[in-house]
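Asks: this one's structure only:
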């Protein structure tokens, strides 16, 4: 039960930090979600949007960040 409590606290902290980052991204007007390579198809019956370039960029950044953090805490 103690490990579940720790996990929930860590998840809450991570969600809080992710919300803060998203807030700052919106505040500074960074073009996440509107990068070249994001797929957007609009037609008369609807639209389709898939942020491919944004997803790849965030994936690379999070991978590097997590690798650095894990290496720091491993020692």
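Replies: Thanks, I have the structure now. All values reported here derive from a predicted model rather than from experimental measurement.
Asks: can I take it that residue 49 is in a strand?
Replies: Yes. Checked against DSSP: H, G, I helix; E, B strand; the rest coil, residue 49 lies within a strand.
Asks: can you show me the strands along the protein?
Replies: 39-43, 46-50 (DSSP state E).
Asks: of all the ones you listed, which one is nearest residue 33?
Replies: Closest to residue 33 of the strands of the chain is strand 46-50 (CB to CB; 8.5 Å). Yep, even glycine has a C-beta here, placed from its N, CA and C like the rest.
Asks: the closest one to strand 39-43, inter-axis angle?
Replies: With axes from the mean of the first three to the mean of the last three CA atoms, to 10 degrees defining the directions, strand 46-50 sits at 180 degrees from strand 39-43.
Asks: I'd like the average pLDDT over strand 46-50.
Replies: For strand 46-50, mean pLDDT rounds to 94.
Asks: which strands and helices sit next to that strand?
Replies: strand 39-43 (3 or more CB pairs under 8 Å, 6 or more residues apart in numbering; DSSP states H and E).
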